[in-house]
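In: Structure, please.
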Amino acid sequence: MTKVGQASPASSLDEDFSHGNTETLPPLSAVGDASLRNDFGETSIARQLWANQPVLILCLRRPGCIMCRAEARKLFGLKPTLDSLGVRMVCIVHEWLPAEAAAFKPAYWGGELYLDEEKQLFKALGGGQLRKGSHLTLLNPRSSVWKNVKEAKTVVDDHNFKGSGLILGGLFVMRPGEGGVEYMFVEQNFGDHASQDAVIEACRRATAYKAHPTR
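Out: Numbers count the residues shown, from 1 in each chain. Here you go, the predicted structure:
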């Protein structure tokens, strides 16, 4: 069983996995069968997103959160690079508050935005269970959360506390078709985010898989 942070036993590029932390990678069905609804109310199955191209999926904890807004804005700044690689970019939320969605897109995320109606992608990040943070971490002045807040303030100056902010998010890079998960990052503490270098490298590998789909 391949885990995040461990290399796949296969040696070819098409079999290589690279990951952000130490959780076990979810099976394709755990991610691909999620029911999604876009901002027009149209529903689809997640696997349709990567049927023909690699996809970066940002699973956002809360659209009004200063750290989430900063992460989304910085990540969407990679769009020219990911466009050149043929990688689609989507953002997923676990609750839909219309005013919050309108404030978040396009100010902080200029691309596709979906609601994960059953929170299946968020469960996949936690090995089948929703992972939740604790407000108690905010009581520790040495918590990494405060470092994340400080960094976010250099990018975002407007935020709010509307909505549920305890369900932790993360990020997937999906290979095209039935290729599965290329990369997964799991938010351990509020405001943790994947390294942009790691994201770009994962997208390069996913694109290479697109060019060489046979095993």
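
In: Could you tell me how many residues sit around Leu138?
Out: Close neighbours of Leu138, defined as other C-beta atoms under 10 Å, add up to 13. C-beta: built from backbone N, CA, C; applies to glycine.

In: so where do the strands sit in this structure?
Out: Shown for the chain, the strands assigned by DSSP state E span residues 35-38, 43-45, 55-59, 88-93, 112-116, 170-174, 181-186.

In: low-confidence ranges in the chain?
Out: Applying pLDDT under 70 to the chain flags residues 1-23, 139, 210-215.

In: quick one: Lys119 and Leu130 touch, right?
Out: Yes: using C-beta atoms under 8 Å, Lys119 is in contact with Leu130, at 6.2 Å.

In: Which residues are in contact with each of these two?
Out: Taking C-beta atoms under 8 Å, 6 or more residues apart in numbering as the contact rule, the neighbours common to Lys119 and Leu130 are Ile167.

In: Looking only at neighbour counts, state which of these two leads.
Out: More neighbours surround Lys119 than the other of Lys119 and Leu130, with 19 against 13 (other C-beta under 10 Å).

In: neighbours around the nearest residue to that one once chain neighbours are set aside, how many?
Out: Nearest residue to Lys119, sequence neighbours excluded (C-beta to C-beta, 6 or more residues apart in numbering): His94, at 4.9 Å. By other C-beta under 10 Å, 22 other residues sit near His94.

In: cool, and Ser44?
Out: If you count neighbours by other C-beta under 10 Å, Ser44 ends up with 13.

In: try Phe122
Out: Applying other C-beta under 10 Å, we find 25 residues neighbouring Phe122.

In: returning to what we had before: make CSV out of the strands of the chain and add distance to Asp192.
Out: Listed next are the strands of the chain as CSV, based on distance: least, C-beta to C-beta, whole Å:
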stretch, distance to Asp192
strand 35-38, 24
strand 43-45, 28
strand 55-59, 12
strand 88-93, 17
strand 112-116, 19
strand 170-174, 9
strand 181-186, 8
